[in-house]
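1. I would like the atomic coordinates for the input below:
(chains A, B and C)
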Amino acid sequence: MPELAEVEYYRKQWNAGLGKRVLRVEVHENTGLFRGMDAKEIVRLLPGMPYRHSFARGKQMLFRFGAQAWIGLHLGMTGKLRTEGLPFRPTRHDHLVIRVEKVALVFRDPRQFGRVQFHRSSKPPDWWTRIPAAPTEPGFTQEAVQAFLARHRRLPIKGTLLLQTGFPGIGNWMADETLWQAGIAPERKTGELSHAEMTSIWKTVRNISRIAMSTIGKDLSDPPRDWLFHERWSRKGLCPKHKITLNSAAIAGRTTVWCERCQRA
DNA sequence: GTAAATGTTCGGGC
DNA sequence: AGCCCGAACATTTA
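-> Residues are numbered from 1 along each chain as shown, chains lettered A, B, ... in the order given. Below is the predicted model:
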């Protein structure tokens, strides 16, 4: 379930390998994770380099090896990172295994919607540098959000919240949580929101992201009990405020859950 | 057996 | 050109 906070959690899972030298890399090279790249390049070039650092921004992660090697990872729908002690034999969905001293760094992704990128340079890749500020960063300002919303006036606000070019890290459950806490119906056109509602979107996204980071992002523990989060997964979820059955429909192409009493149409 | 799933990209039709 | 929509990717789970 990798959105902003889950990505942060999974990034840290490889920390057990920090500072250690790569001994060997194993890949399932014909899987979708390596689309558009040559997986063998990683296998050939990474050994000998220390795993130095990792970063996460939105749903993207970047791992630094040696002086001029970077691996970018996206978890897609079902990707997970973990480490394994030795001996370790990868199984069917463990598509990338980076063996460092005493530990194996594993990227598992059954559906293969995730992605691996390799970049050789002393500088991080352009695609990384261009990611806009995430909701937990100072650059995620009210002005930036207003300007972004103004550029997507015809899209339902639910769809706008899912655009990674404006809300890096926000995914389906965070978008629903935001709209529920902000009291805005998901099918509202972005351009029809009032100034106060746009401000509320900005504040709520920041608040939810901060709290999610300190719970889910820390150790996958639950966010606050009164969040929609706990109710939105089952077909008969109840609004935490009104205890009425939540609505569920596809909006902007994605399953959307909301409370018609909380959220102004 | 069928539908749907926490994401993104691509191509066709307008 | 640009916007919008649906399909596609591959697998598991309800």
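
2. does any part of stretch A:97-114 sit near DNA strand B?
-> Yes: counting by CB under 7 Å from any atom of the strand, contacts between stretch A:97-114 and DNA strand B involve A:111, A:113. Every residue, glycine included, has its C-beta placed from N, CA and C.

3. Check which residues of that stretch are buried.
-> The neighbour-count check on stretch A:97-114 (16 or more other CB atoms under 10 Å) flags A:97-100, A:103-109, A:112, A:114 as buried.

4. Stretch A:37-45 now?
-> For stretch A:37-45, burial by neighbour count (16+ other CB under 10 Å) applies to A:37, A:39, A:42, A:43, A:45.

5. hang on, the earlier thing: any chance of the buried residues of stretch A:97-114 in TSV, plus secondary structure?
-> Converted to TSV, those look like this (DSSP: H, G, I helix; E, B strand; the rest coil):
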residue	secondary structure
A:97	strand
A:98	strand
A:99	strand
A:100	strand
A:103	strand
A:104	strand
A:105	strand
A:106	strand
A:107	strand
A:108	strand
A:109	coil
A:112	coil
A:114	coil
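
6. now, which of those residues sits nearest DNA strand C?
-> residue A:112 (4.2 Å; CB to the nearest atom of the strand).

7. and that closest one, what does it touch?
-> Going by CB atoms under 8 Å, 6 or more residues apart in numbering, residue A:112 touches A:31, A:32, A:33, A:76, A:95.

8. hmm, who's touching the longest helix seen in chain A?
-> The longest helix of chain A (DSSP state H) is helix A:195-219. Residues from elsewhere that reach helix A:195-219, judged by CB under 8 Å, 6+ apart: A:3-6, A:8-9, A:134-136, A:140, A:142, A:145-146, A:149, A:157, A:161, A:167, A:169-170, A:174, A:177-178, A:181-184, A:193, A:221-224.

9. buried set for it?
-> If you call a residue buried by 16+ other CB under 10 Å, then helix A:195-219 has these buried ones: A:197-198, A:200-202, A:204-206, A:208-209, A:211-213, A:215-217.

10. Can you get me the start-to-end distance on stretch A:108-118?
-> 17 Å (CA to CA, to the nearest Å).

11. and it with DNA strand C, contact?
-> Yes: legend: contact between stretch A:108-118 and DNA strand C by CB under 7 Å from any atom of the strand is shown at A:110, A:111, A:112, A:113.

12. Quick check: the last one touching residue A:78?
-> Yes: the pair residue A:113 and residue A:78 qualifies as a contact (CB atoms under 8 Å) at a distance of 7.0 Å.

13. Please list all residues in contact with the spatially closest residue to residue A:237 that is not a sequence neighbour.
-> Using CB to CB, 6 or more residues apart in numbering and skipping the chain neighbours, the partner closest in space to residue A:237 is residue A:231 (3.5 Å). Taking CB under 8 Å, 6+ apart, we find residue A:231 in contact with A:237, A:238, A:239, A:240, A:246, A:257.

14. same deal with residue A:136?
-> Shown in contact with residue A:136 (CB under 8 Å, 6+ apart): A:4, A:206, A:209, A:210, A:213.

15. same thing with residue A:27?
-> Taking CB under 8 Å, 6+ apart, we find residue A:27 in contact with A:34, A:39, A:40, A:42, A:43, A:95, A:96, A:97.

16. for it, which residues make a bridge with it?
-> Beta-bridge pairing for residue A:27 (DSSP bridges): residue A:96.

17. hang on, the earlier thing: could you measure from the residue nearest to residue A:237 over to residue A:251?
-> To residue A:251, residue A:231 is 17 Å away according to CB to CB, to the nearest Å.
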